[in-house]
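Enquirer: build me a model from this:
(one chain, ligands or ions: 1)
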Amino acid sequence: MLEKFYSHPLKNLNTFGFDVSARCLIRAYSVPEILQLRSDRDFACGKRLVLGGGSNLLFTSDFDGCILQPLLQNISPEDDTDARVRLRVGAGVAWDELVSRCVERGWHGLENLSLIPGTVGACPVQNIGAYGAEAKDVIEGVEYVDLDSFTVKYLSNEQCRFGYRSSIFKKELKDKAVITQVLFGLSKQPRYNTSYGSLSEMVKQLGGESLHNIRRAVVATRRGKLPDPAEMGNAGSFFKNPFVEKSAAEELRKRHPDMPSFASGSGVKIPAGWLIEQCGLKGARRGSVGVHPKQALVLVSYGGGTGGEVLALAREVCQAVRDKFGVALELEVNVV
Ligand code: EPU
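Expert: The predicted model follows:
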């Protein structure tokens, strides 16, 4: 049943842990419940925001509108053959719960994305990615409620227009769609991907390639570098890795011969963490917020700070990188 709350605290609904509130919060557990919101005055009029795990969000003030949490909880195998399985998964399922279940069942495709915070419904929005894999590699399609017509619609993988940390849901359909179900195509045949960084070496040390060992290696790497939101407020990578033209990268490399970079389409991606570290900002602290000491593209809250302070620090970081390298950083996190 739909649940509705007024002046609802959001402290536990954003991984920065900022103590803000929403004028109205609605929890919906099914598609008919979401469709019902067409005639809900709080939802239909005024500002709205769809909330997944709150792990890619920065609230800079109270939210003067209506927040919807889609909490559909199904994990339903469809089209189950010897070679592959298609899974229909509800938007409210915790992402890592899904990854863990798939690894247990011997279904390949999600293991490199272990331990990413957030919900299944949020995964297509920014095409989550880590350790050489992206959600788009396994998403067959996405079902959503269109908030203009209040009808259920479907987009195939191609129609979702996935890009690096991007999709149609971040662009044309921003604030216009409530993702309800994500369809994943997973393989039952081994197809491992351990080419990222030292993953292959770690997996070897754990006893060789298997779903469990890849998951263990990814979990250990993430725990070693990325702060746990339960212990220190953060929203993962605060910035995207910037993309620069090859010629610009060559110019930069003349001045910074040790600059890491990765070929990406027609250009080159440079790790934002490296750029920020070179500016001397890794571990920098400004009052209650700072740049994480182990991974410079993560901004953290040490408690008691505000979203405004994080945003001011983000601006300082962008300015420093622009001054030193002439490279513009783009935020990965959604600022609300
Ligand atoms: N680096 C530094 N200093 C730092 C951080 C990174 O020099 O403080 C350099 C190193 O050269 C390192 C390289 O950056 O070899 C890459 O670092 P890492 O493997 O940690 O990856 P990343 O490019 O910094 C991206 C994603 C992460 C994801 C990792 C692993 C983005 C914006 N971030 O970070 O995603 O976990 O790769 O695949 O693309 C997230 O989106 O929230 C997130 C954590």
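Enquirer: tell me if I'm right that A320 and C279 touch.
Expert: Yes. The pair A320 and C279 passes the contact test of Cβ atoms under 8 Å, sitting 4.1 Å apart. From N, CA and C alone the C-beta is placed, and that goes for glycine too.
Enquirer: what separates the residue positioned nearest the centre of the chain from L72, distance-wise?
Expert: In the chain, the C-alpha nearest the mean C-alpha coordinate belongs to I128, at 4.7 Å (Cα atoms, centre = their mean). Applying Cβ to Cβ, to the nearest Å, the value for I128 to L72 is 18 Å.
Enquirer: can you check L329 too?
Expert: 35 Å.
Enquirer: tell me the phi and psi of V203?
Expert: The phi/psi pair for V203 (degrees, to the nearest 10) reads phi -70, psi -40.
Enquirer: so S76 sits in a helix?
Expert: No. Counting by DSSP: H, G, I helix; E, B strand; the rest coil, one finds S76 to be strand, located in no helix.
Enquirer: kindly report the residues of the chain close to the ligand.
Expert: Listed as neighbours of the ligand in the chain under the rule Cβ under 6 Å from any ligand atom: 130-131, 196-197, 225-226, 236-237, 240-241, 260, 271, 273-274, 277, 282, 295-297, 332.
Enquirer: if any of these are buried, put those into a ChimeraX selection.
Expert: Restricted to buried positions by 16 or more other Cβ atoms under 10 Å, the ChimeraX selection for these reads:
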select :130,131,226,236,237,240,241,271,273,274,277,282,295,296,297,332
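Enquirer: can I assume the residue nearest to the centre of the chain is in contact with A135?
Expert: Yes. Using Cβ under 8 Å, I128 makes contact with A135 at a distance of 5.0 Å.
Enquirer: list residues touching both of the two?
Expert: Applying Cβ atoms under 8 Å, 6 or more residues apart in numbering, one finds that I128 and A135 are jointly contacted by L113.
Enquirer: which residues touch the residue nearest to the centre of the chain?
Expert: Residues near I128 by Cβ under 8 Å, 6+ apart: W95, L113, I116, G118, A122, E134, A135, R165.
Enquirer: closest to L206 out of these?
Expert: Closest approach between the contacts of I128 and L206, by Cβ to Cβ: L113, at 17.9 Å.
Enquirer: what's near enough to touch the closest one?
Expert: W95, V99, I128, G129, A130, Y131, A133, A135, V218.
Enquirer: from these, which ones fall inside strands?
Expert: Judged by DSSP state E, the contacts of L113 include G129, A130, A133 as members of strands.
Enquirer: identify the bridge partners of the first one.
Expert: With DSSP bridges applied, G129 shows beta-bridge pairing to E134.
Enquirer: again with G185
Expert: Listed by DSSP bridges, the beta-bridge partners for G185 are R86.
Enquirer: got the domain ranges for this protein?
Expert: Using automatic domain parsing, the domain parsing of the chain gives 3-70, 75-224, 227-335.
Enquirer: got these as JSON lines, with mean pLDDT columns?
Expert: Formatted as JSON lines, the domains of the chain follow (pLDDT from 0 to 100):
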{"stretch": "domain 3-70", "mean pLDDT": "96"}
{"stretch": "domain 75-224", "mean pLDDT": "96"}
{"stretch": "domain 227-335", "mean pLDDT": "96"}
